[in-house]
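Peer 1: Take a look and give me a structure for this.
(chains A and B)
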Amino acid sequence: MAAAQLHFKGVSVLNIRIKFQKYGVMKFIGHLDMMRYFQKAIRRAGIDIAYSGGYSPHQIMSFAAPLGVGVTSGGEYFDIEVNTSKSSQESIEALNQAMVEGISILEYKRLPDTAKTSMSLVAAADYLVYEKPGYEPFFSSLEELQEKVQAFYEKQSEIIITKQTKKSQITMDLKPFIYEMKAVKLKDMGLKDMGLKDKVKDEGLKDMGQSAEYGLFLKVCTGSSNNIKPELLLEAFCRFCQLDDNLLRFQVHRLEVYAKSEEIPVKGEKERADYQKHLEQLKKTFAAEGKKFPEFLPLGALGEDILWETHC
Amino acid sequence: MRKLALNDEILLKIEKPARYIGNEVNSVMKDPGKVDIRFAICFPDVYEIGMSHLGIQILYDMFNQREDVFCERVYSPWCDLHEIMKEQKIPLFTLETQSPVKDMDFLGITIQYEMCYTNILQVLDLSQIPLLSSRRTQQHPIVIGGGPCAYNPEPLADFFDLFYIGEGETRYDELFHLYKSVKEKGGTRQEFLREACRIPGIYVPSLYEAGYHQDGTIASFQPKYEDVPAVVKKEAVVDISHAPYPRKPLVPFIKATQDRVVLEIQRGCIRGCRFCQAGMIYRPARERDVDMLKQCARDMLTDTGHEEISLSSLSSSDYSGLKELINDLIGFKEQGVNISLPSLRIDAFSLEVMGKVQDVRKSSLTFAPEAGSQRLRDVINKGLTEETILNGAGLAFEGGWQKVKLYFMLGLPTETEEDMRDIPRLADKIARKYYEIPKDRRNGKCQITISTSFFVPKPFTPFQWAPMYGKDEYLARARIVNEEMKEQLNRKSLKYNWHEADVTVLEGVFARGDRRVGQVLQKAYEKGCIFDAWSECFDNQKWMEAFEECGISIGFYNQRTRNLDEILPWDFIDCGVTKKFLLREWERAKNGEVTLNCKQQCNGCGAAAFQGGVCLEHQN
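Peer 2: Next up is the predicted model:
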């Protein structure tokens, strides 16, 4: 989704959005350690990242949505600022040279200079939940699972859960924050349908065991307000189905993180107006092709590939 | 995809699962089927501590350079996992291939401090390797110990098959060669050990026998067989500029204690502080070539991506190329690299450098006078005078620093109450120096922090004969310091921290113990003692019970005055520095006589036998 018409204001840094996947043993590395990992990896890869001033300069880097320990992902994002940049392709290659097994870089895109941070844009995320190998599958037939999901999600008018906070217990209705929930055949997952590019293999899905055939697809509200952890939903679902709720039997895999397509992801009056025009154009294109304009756009959609070495 | 030894249910239940998954940047993977020797190298403490240790990084890299060897790492599982592994009988595993340690050819354990001894037993126990060397069979790995505590290996003699005395860079090739040839011939474990004991630096405890006098002191210590050497000479690298050094050190995912590139600029120390074991056993002092270090720094920063580099040595200010090296390193500042400079003498040069690389307002200056009075500093041969300290502090305060840390030891030989009281008095004089600066040029109060530890006499130091005190006496000494603190003019700018004394007592026993204290160790482990260096895990009660039940007297090892002609448990080791020299230094200490450092004058300590480093300077 090109943003080619957008204005790039003359500033001293380039905004870059990086998309990566996290799988295998790397799911045990927590969010803060992932940030430390990338700080060092970016140096190893020779990315010309911008530093803050002062006595202890730090890299300018911000992550979209922290991923819990134990969760794998095919679509994680963070933003950095660089002074100069090689092409996207070269940068992806250099970064992948510096990665360990379990992390790979999928996208490296330039954002408009006035782009809002990915963190402030996050609105939704897709997840796939499946049973790990070594457990007797609960989800033994697609029809049965579909029925359960229907009874739980479609037929209930509200899904009340209790959440333990630091100070008290609160009850909340999950339903308005679940945008989609359905039973899926795992074999069908992975390459299409999930916002993943055709060419990109989601390595995380290779972790899927042989024993599980079906899983749950979820699209839930994500971000700073009303961040719905899929584990929370899963717990409620298990209780509803009267399943033993050992959540560790499930692997939660994040597929993609989204911004609301209606939210304008840039700052500045002129830039916003430009984006608005771009958006309308885009909607027309969708309409002309007879497609519904999506409510959410992947976080990477705003950026554009860098085709050759770029200086400010 | 590698399969982990622990399942998700365990890994997601315990603290910091990243300690157990391996896969770190620059970790080495090989096909175990394609090597002749599998080596597990172990630091018997928690991952974050173990990963910070330079020696392991050097050996890991050096071993893995060999095509026929695959070296993997193992650390002590933290208490939470320890319990699960015991309960579910999960064998301890290596991080790289997640294979059971018991399937390795060698298990090499570095022994850095006494309070990790129970963790050595933990590692053996969880690995399902018999604790006692005598119970091990052909199927078990050869268990090797090394590191500074191996200079008195006797408390651990029963648990190790062999010890490597000295620096690891020199003799492993021979040891591996021997292992392969014995294995090819179908030789036994005993045959291998019998041959290995003839490699210089290798000590096989089962081939020696100790006899005791009625009073408990050692009557004899000798090899059981004629072909076993009576003396084991420590190994030292002569040319450390050409010794192996890892250009691609491991980079952990979780924050390790040393989360930075570590550049060892020299080994050994010219100073000769009489309490310091490192200053004696790593003689002769040897410097690395400054160009080699510059190149190393560059390579290591590139290949790790670390944001910080730290110089490592016992006394960085003595390194002759320091100015040149630091000026080179400051160039990395532009790439966002921090430079940390521990163990620098505080003078105009170091303050200038630190002003460039640190935030003066936030950082603190460290002095280690070790003793409060000049008299006692002369006894311990710490060549730091009050004048030097006050001048350094004065310069620092002028430069904008406000925080000073001071390190002292209590319970040093000949220490009097006056010496103890001089500790806060010295701190107060430093504070006065600060308040001499006109009010408009200073920034509020200064902060002087005094820390004291209790002195533990170590083998191969001039103080190896010195008696220690009991726990109560140590605490009484700390109280005197605390009392005197309150008498000081600038008491509101002073802060005092002291250590617990329980651990000191145990360190004393295991530092200078003989073979008989090994049983206490085993008993304490069986009672559940592990991670004794961690105050949240340490249980002195259990330790005291273990001594009681084994009938071992702490007083015999700690408070007794040793005769100068007594056979000490470590006498069979030749560390270069002679017993004659140590005795002479012990006498000079008691007379308060200072001995010049190795650059000023050769004092004939014996390390010149290695024909390296500072010893060669005097010949020219």
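
Peer 1: What are the boundaries of the helices in the stretch 1-150 of chain A?
Peer 2: Using DSSP state H, counting those that start in this stretch, the helices of the stretch 1-150 of chain A run over residues A:31-44, A:88-97, A:118-121, A:142-149.

Peer 1: Skip the chain neighbours and tell me the closest residue to the residue in chain B that chain A sits nearest to.
Peer 2: Scanning chain B for the residue nearest chain A gives residue B:305, at 3.2 Å (criterion: CB to the nearest CB). The C-beta positions use only the backbone N, C-alpha and C, and glycine is treated the same way. Spatial nearest neighbour of residue B:305, excluding adjacent residues (CB to CB, 6 or more residues apart in numbering or on different chains): residue A:40 at 3.2 Å.

Peer 1: Need the pLDDT of that neighbour.
Peer 2: Note on residue A:40: pLDDT of 97.

Peer 1: got it, and residue A:132?
Peer 2: Confidence score, pLDDT, at residue A:132: 88.

Peer 1: so what's it up against?
Peer 2: By CB atoms under 8 Å, 6 or more residues apart in numbering or on different chains, residue A:132 lies in contact with A:209, A:212, A:248, A:249, A:250, A:251, B:8.

Peer 1: Within the helices and strands, which one has the residue nearest to residue B:489 when sequence neighbours are not counted?
Peer 2: Nearest residue to residue B:489, sequence neighbours excluded (CB to CB, 6+ apart): residue B:428, at 5.9 Å. Under the criterion of DSSP states H and E, residue B:428 resides in helix B:417-435.

Peer 1: Near chain B, which residues of chain A are found?
Peer 2: A:24-26, A:28-30, A:33, A:36-37, A:39-44, A:51, A:54-59, A:69-70, A:98, A:100-102, A:132, A:134, A:206-207, A:248 (CB under 8 Å from any CB of the partner chain).

Peer 1: which residues touch residue A:119?
Peer 2: A:62, A:63, A:64, A:65, A:224.

Peer 1: Closest one of those residues to residue B:60?
Peer 2: Residue B:60 lies nearest to residue A:63 out of these, by CB to CB, at 31.8 Å.

Peer 1: which residues sit in contact with the closest one?
Peer 2: Going by CB under 8 Å, 6+ apart, the list of residues near residue A:63 reads A:31, A:34, A:35, A:76, A:77, A:78, A:118, A:119.

Peer 1: Any buried residues in the helix or strand containing residue A:282, and which?
Peer 2: Counting by DSSP H and E, the element that carries residue A:282 is helix A:269-288. Using 16 or more other CB atoms under 10 Å in any protein chain shown as the test for burial, helix A:269-288 gives A:271, A:274, A:275, A:278, A:282.

Peer 1: Now distance to residue B:159 and pLDDT too, for those residues, in CSV please.
Peer 2: Putting the buried residues of helix A:269-288 into CSV (distance: CB to CB, whole Å; pLDDT from 0 to 100) gives the following:
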residue, distance to residue B:159, pLDDT
A:271, 70, 88
A:274, 73, 87
A:275, 70, 88
A:278, 71, 84
A:282, 71, 85
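
Peer 1: which one of these is nearest chain B?
Peer 2: Checking those against chain B with CB to the nearest CB, the nearest one is residue A:271 at 30.0 Å.

Peer 1: Next, count neighbours for the closest residue to chain B within the stretch 201-312 of chain A.
Peer 2: Per CB to the nearest CB, residue A:248 is where the stretch 201-312 of chain A lies closest to chain B, at 4.9 Å. Neighbour count of residue A:248, defined by other CB atoms under 10 Å in any protein chain shown: 15.

Peer 1: pretty sure it is touching residue B:9, no?
Peer 2: Yes - in terms of CB atoms under 8 Å, residue A:248 counts as a neighbour of residue B:9; the distance is 4.9 Å.

Peer 1: got the contact list for the closest residue to residue A:109 other than its chain neighbours?
Peer 2: Nearest residue to residue A:109 in three dimensions, chain neighbours excluded: residue A:303, at 2.7 Å (CB to CB, 6+ apart). Neighbouring residues of residue A:303 by CB under 8 Å, 6+ apart: A:3, A:16, A:17, A:107, A:109, A:110, A:111.

Peer 1: Which one (most neighbours) among the contacts of residue A:63?
Peer 2: For the contacts of residue A:63, the largest number of neighbours (other CB under 10 Å) sits with residue A:77, at 28 neighbours.

Peer 1: Just the pLDDT at the closest residue to it other than its chain neighbours, thanks.
Peer 2: In space, and not counting its chain neighbours, residue A:77 is closest to residue A:64: 3.9 Å by CB to CB, 6+ apart. With respect to pLDDT, residue A:64 has a value of 95.

Peer 1: Confidence-wise, which helix or strand of chain A is lowest on average?
Peer 2: For chain A, counting by mean pLDDT, DSSP states H and E, strand A:310-311 ranks last in confidence among helices and strands (a mean of 80).

Peer 1: quick revisit: among the contacts of residue A:132, name the ones in strands.
Peer 2: A:250, A:251 (DSSP state E).

Peer 1: Which among the contacts of residue A:132 count as buried?
Peer 2: Buried among these (16+ other CB under 10 Å): A:212, A:249, A:250, A:251, B:8.

Peer 1: With residue A:14 as the reference, measure out to the second one.
Peer 2: I take that to be residue A:249. When distance is defined by CB to CB, to the nearest Å, residue A:249 is 44 Å away from residue A:14.

Peer 1: do the first one as well
Peer 2: Using CB to CB, residue A:212 is found at 43 Å from residue A:14.

Peer 1: those helices in the stretch 101-250 of chain B, which residues are they?
Peer 2: B:117-126, B:172-184, B:189-196.

Peer 1: what residues are up against residue 285?
Peer 2: Reading this off chain A. By CB under 8 Å, 6+ apart, residue A:285 has no neighbours at all.

Peer 1: switch to chain B, that's the one I care about
Peer 2: Contacts of residue B:285 (CB under 8 Å, 6+ apart): B:266, B:267, B:268, B:269, B:270, B:318, B:598, B:613, B:614.

Peer 1: do that again at 6 Å, thanks
Peer 2: B:268, B:269, B:270, B:598, B:613, B:614 (CB atoms under 6 Å, 6 or more residues apart in numbering or on different chains).

Peer 1: likewise residue B:569?
Peer 2: Counting by CB under 6 Å, 6+ apart, the residues that residue B:569 touches are B:154, B:514.

Peer 1: Residue numbers of the stretch 201-350 of chain B in contact with chain A?
Peer 2: With the criterion set to CB under 6 Å from any CB of the partner chain, the stretch 201-350 of chain B comes near chain A through B:253, B:254, B:305, B:336.

Peer 1: Widest-spaced pair of the residues you listed?
Peer 2: B:254 and B:336 (21.4 Å).

Peer 1: Got phi/psi on residue 48?
Peer 2: Here I'm looking at chain A. Backbone torsions of residue A:48, given as degrees, to the nearest 10, read phi -80, psi 70.
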